[in-house]
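Peer 1: coords please:
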Amino acid sequence: MRNEPGGLVDLLPPFAAAMVSRHELRVVADSMGFQHVFHSAPGAGDSGLVASSLLLAGRATEASLDRVSVGIQSLLGWQMGDRTLFEGLRKLAPGAVATLSRDGLVVADAAPIRSEPIDSADAVAAAAALLRTSLNAILDDYPEAVLQLTGGMDSRVLLSAIPPRRRRGLRAMTLDVPGRGDTAIAHMISERYGIQHEVRGLTDVSGVDPAEAWELCRAESTRLDGMADPVALAAQRIAERAFDQGVRISGLGGEVARGFYYVGRVSDRTFDRNDSARLAAWRMFVNDSVEPGLLNDEFASWAQDVAAAHVHSALVAGGSEWFRATDELYLRHRMQRWAGATDIAVSNERTVINPMLDHAFLDLARRLTPQDKANSRFLGSLQMALDPELGVIPLDGRPAPAAYANPSRWEPVMDALSTGKRFARKAVQRLQRGNRPPAGGTVLAAKVVEHWRARPATLSAVEDLDFVDGDWVARMLEGSLEPRPSSVAFLTNLIVATDDDG
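Peer 2: Numbering: from 1, shown residues only. Okay, here's the model as predicted:
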């Protein structure tokens, strides 16, 4: 650590390492930037600051809300790059090192990643060996670890990397979400291999009273430093009460290996600001944006432009080819700032291990062509290399992984149908001016609003913000409108961020 902090790249995120000597403090972020560390602007003198809590850092420096970041979060529900909710405070970038001494704060970014292209078959072989080694090591160190098993491909791949002899008696859990087929598929797989399968639902959310709902959401917002969805996390934590905690094995990271933002036929091409704007409007601003009316018209219009500009800048920084740029956008922005914040928020209760966030696995995904990753072709091939028997079992609402590994001559037709359905869903959302609430979020958000109506002073600091529409807040409090869960999450974060008493 003292001489080569970059060597810590071999450790799985999330983590941050600190070294204190007589004259300086050095802090390094993990390779994904999952562990959120915050710092002031680098400079000379004794004004430098490094902190693990943005809220405490903001209060210590009496920082004002950053209007650009507020605007971005009103549309995304999370932050981008190194931005935070407070002026003058930034998040330490992935792999970066912050050194605080009497001479001030110095921040050194990690060396840029340069990867050579790799053949798909070679990538499959390397990824299969990597995951087998990783899963065996995890179970050696943590025999009681629990696999988060869903009906999707990512957890299926992780299970396939576990030798059949180690599956009997393996512990697995599934969160039963209404309208999804995860539970039935996970149960069938568990029965086949003798896995100890535990299922819990979200019914407990309805038993929470309004005051408790508010305290739960407020507490989660504090853990998230006000920069992700506290309503979704609170609903999840309520369901989690029924599960044992300890060590969890998660499939988070598989999205990077299948082109999360890919739509339509995938072939190398350049892009412009219009492409970026369409991606932002159709894929990024739909699910977690606040509803029209919460922000005053002038700020809302300005925020739309600012957020779209930041999305475009992030894409440009990711390269000149469109699909590779969207991969970098997902990895270095959405994964880092949304998934990372959520992982850290629950780390006081359980240890979450994400084998697909190993820097070596991500490097393989980066080296593949977009065509190799599109339509889950790489992950389907990886599944078949690890365990063909599991690869022929259908996924939740989708064909079996085998179909993705060996696409038929009908693939162009299926691609067109899939793209059409995706655009249709997004079009309906936009026309209805609605978004997709998190599991349990609608009920919990309604209870939070019920508490606000009983304690309207809770919103007094928010009403004083010049970008919030006071009439909208008044109508919500009087009961003439019911806000979206995303709006409740946004307001909760603003309340926590502006609470000087902490």
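
Peer 1: run the chain-centre distance for stretch 452-467.
Peer 2: Chain-centre distance of stretch 452-467: 28 Å, with Cα atoms, centre = their mean, to the nearest Å.

Peer 1: quick one: the helices in the stretch 301-450 of the chain?
Peer 2: Secondary structure of the stretch 301-450 of the chain (DSSP state H, counting those that start in this stretch): helices at 322-329, 340-345, 359-367, 370-373, 377-386, 388-391, 401-405, 411-431, 441-454.

Peer 1: as JSON lines, these with distance to Ala308 would be great.
Peer 2: C-beta here means a position set from N, CA and C on the backbone, and glycine is covered the same way. Formatted as JSON lines, those follow (distance: least, Cβ to Cβ, whole Å):
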{"stretch": "helix 322-329", "distance to Ala308": "13"}
{"stretch": "helix 340-345", "distance to Ala308": "22"}
{"stretch": "helix 359-367", "distance to Ala308": "26"}
{"stretch": "helix 370-373", "distance to Ala308": "23"}
{"stretch": "helix 377-386", "distance to Ala308": "30"}
{"stretch": "helix 388-391", "distance to Ala308": "40"}
{"stretch": "helix 401-405", "distance to Ala308": "32"}
{"stretch": "helix 411-431", "distance to Ala308": "15"}
{"stretch": "helix 441-454", "distance to Ala308": "26"}
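
Peer 1: could I get the ones you listed as TSV with mean neighbour count?
Peer 2: Shown next, in TSV, are those (neighbours: other Cβ atoms under 10 Å):
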stretch	mean neighbour count
helix 322-329	22
helix 340-345	23
helix 359-367	19
helix 370-373	20
helix 377-386	24
helix 388-391	17
helix 401-405	22
helix 411-431	12
helix 441-454	21
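
Peer 1: Arg241: which of the ones you listed is closest?
Peer 2: helix 441-454 (13.7 Å; Cβ to Cβ).

Peer 1: that closest one - contacts with which helices or strands?
Peer 2: With contacts taken as 3 or more Cβ pairs under 8 Å, 6 or more residues apart in numbering; DSSP states H and E, helix 441-454 sits against helix 210-223, helix 230-240, helix 470-478, helix 485-497.

Peer 1: show me what the first one is packed against.
Peer 2: Counting by 3+ Cβ pairs under 8 Å, 6+ apart, the packing neighbours recorded for helix 210-223 are helix 230-240, helix 340-345, helix 441-454, helix 485-497.

Peer 1: which residues sit against it?
Peer 2: The contact list for helix 210-223 (Cβ atoms under 8 Å, 6 or more residues apart in numbering) reads 55, 208, 230-231, 233-234, 237-238, 344-345, 348, 444, 447-448, 450-452, 454, 458, 488-489, 492-493, 495-496.

Peer 1: was I right about Gln35 contacting Ala18?
Peer 2: No. Taking contacts as Cβ atoms under 8 Å, Gln35 lies outside contact range of Ala18: 10.7 Å.

Peer 1: what's the closest non-adjacent residue to the spatially most central residue of the chain?
Peer 2: Nearest residue to the geometric centre of the chain (Cα atoms, centre = their mean): Ala339, 2.4 Å. Nearest non-adjacent residue to Ala339, counting by Cβ to Cβ, 6 or more residues apart in numbering: Leu252, 5.9 Å away.

Peer 1: burial measure for that neighbour, as a count.
Peer 2: Taking other Cβ atoms under 10 Å as the criterion, the count of residues near Leu252 is 22.

Peer 1: also Ala317?
Peer 2: 13.

Peer 1: circling back: out of the helices of the stretch 301-450 of the chain, nearest to Gly293?
Peer 2: For Gly293, the closest of those is helix 441-454, at 15.0 Å, according to Cβ to Cβ.
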